[in-house]
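A.B. asks: got a sequence here, can you build the structure:
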Amino acid sequence: MAYFCVPNTYKQMWLFLWPIYFYFDKQIGHKRHYAIESLIQLMNGNGLRLYKYFYNAHLKKLFALILNKLRLISEEKWWEIERNDFNSNPSGIQLNAVFQKIK
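C.D. replies: Reported below is the predicted structural model:
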């Protein structure tokens, strides 16, 4: 099994987040972004097949992060949002995928 957490493709994200995302890409050093289809193709070519995938860092989580930093939401509410952030909604900033070796 192999777990990948990669930047999601810009096409899936809210348009107004693109400039912020681009800025942080430069700061962090991200060189490329992936759609699940391109990641599957890349991994299949390397002997791995998709087991499961999900997204995180959705818009609601970003707002919660800001509110948490400003101490405007409780720790309990923060963790509730955090738990619900991992889901199949493709608008998340991060794409997470688990692959397994093809036998």
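A.B. asks: so where do the strands sit in this protein?
C.D. replies: Using DSSP state E, the strands of the chain run over 2-7, 48-56, 94-101.
A.B. asks: ok now the second one, how far from the chain's centre?
C.D. replies: Put plainly, it is strand 48-56. Its chain's C-alpha centre and that of strand 48-56 lie 11 Å apart, by CA atoms, centre = their mean, to the nearest Å.
A.B. asks: what comes into contact with that strand?
C.D. replies: Residues from elsewhere that reach strand 48-56 (CB atoms under 8 Å, 6 or more residues apart in numbering): 1-2, 8, 12, 36, 40, 43, 85-102. (Glycine included, C-beta is placed from N, CA and C.)
A.B. asks: would CSV of the strands of the chain with mean pLDDT, distance to residue 28 and mean neighbour count be doable?
C.D. replies: Shown next, in CSV, are those (pLDDT from 0 to 100; distance: least, CB to CB, whole Å; neighbours: other CB atoms under 10 Å):
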stretch, mean pLDDT, distance to residue 28, mean neighbour count
strand 2-7, 96, 9, 14
strand 48-56, 97, 16, 16
strand 94-101, 97, 12, 17
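A.B. asks: distance to residue 69 for those strands - can I get that in JSON lines?
C.D. replies: Output for the strands of the chain, formatted as JSON lines (distance: least, CB to CB, whole Å):
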{"stretch": "strand 2-7", "distance to residue 69": "22"}
{"stretch": "strand 48-56", "distance to residue 69": "18"}
{"stretch": "strand 94-101", "distance to residue 69": "19"}
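A.B. asks: for those, which one sits closest to residue 26?
C.D. replies: strand 2-7 (12.2 Å; CB to CB).
A.B. asks: that closest one to strand 94-101, inter-axis angle?
C.D. replies: If you take axes from the mean of the first three to the mean of the last three CA atoms, to 10 degrees, strand 2-7 sits at 160 degrees to strand 94-101.
A.B. asks: tell me which strands strand 2-7 pairs with, and in which orientation.
C.D. replies: Strand 2-7 has its sheet partners listed here by DSSP bridges as strand 94-101 (antiparallel).
A.B. asks: ok, and the closest non-adjacent residue to residue 25?
C.D. replies: In this structure, residue 25 finds its nearest non-sequential neighbour in residue 7, 7.0 Å apart by CB to CB, 6 or more residues apart in numbering.
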